[in-house]
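>>> Need coordinates for the following:
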Amino acid sequence: MPYSLVSGRQIKAARALLGWSRSELADRTGVTAPTVKVVEQDSGVLDELASTRARLCNVLAAEGVAFLNGGSIGVQLVQKGEGLRTEDLNASNDD
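Numbers count the residues shown, from 1 in each chain. Purely as a prediction, here's the structure:
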């Protein structure tokens, strides 16, 4: 899913799944804690926050968070090293 479609609530939920404070997410992404708060309070997907939202999502995804927008909007924690995600399966990576 493109990170431009991730809502602030999903970012907040992802942070909660990892057990991170706002300050910790801010430190890991190089933004301020008040900026993280503003992004998390964005119930939609404001274009002005797109680059910051993508930055936050990249760090969260690297820690195993998958952002979902299929049948229901949400987040899921995927264990690192769990293998390929379903959307990454193709003929070139068959055993």
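
>>> Scan the protein for its longest helix.
Counting residues, the longest helix found in the chain (DSSP state H) is helix 50-62.

>>> Could you list every helix and strand in contact with that one?
Judged by 3 or more Cβ pairs under 8 Å, 6 or more residues apart in numbering; DSSP states H and E, the packing partners of helix 50-62 are helix 8-18, helix 22-29, helix 33-41. Glycine gets a C-beta too; all of them are placed from N, C-alpha and C.

>>> any residues touching that helix, and which ones?
Under the criterion Cβ atoms under 8 Å, 6 or more residues apart in numbering, residues 3-4, 6, 8, 11, 14-15, 18, 25, 28-31, 35-36, 39, 42, 45, 67 lie in contact with helix 50-62.

>>> Would you mind listing the buried residues in the next helix or strand after that helix?
Next helix or strand after helix 50-62 toward the C-terminus (DSSP states H and E): strand 65-69. For strand 65-69, the neighbour count (16 or more other Cβ atoms under 10 Å) marks 65, 67 as buried.

>>> What strands flank strand 65-69, and is each parallel or antiparallel?
Here strand 65-69 has these sheet partners by DSSP bridges: strand 73-77 (antiparallel).

>>> Give me the residues contacting the partner strand.
In contact with strand 73-77 (Cβ under 8 Å, 6+ apart) are residues 7, 10, 13-14, 17-18, 64-68.

>>> Try it again at 10 Å.
1, 5-7, 9-18, 60-61, 63-68 (Cβ atoms under 10 Å, 6 or more residues apart in numbering).

>>> And those residues, which of them are buried?
Applying 16+ other Cβ under 10 Å to those, the neighbour count classes 6-7, 10-15, 18, 60-61, 63-65, 67 as buried.

>>> This completes my enquiry, with thanks.
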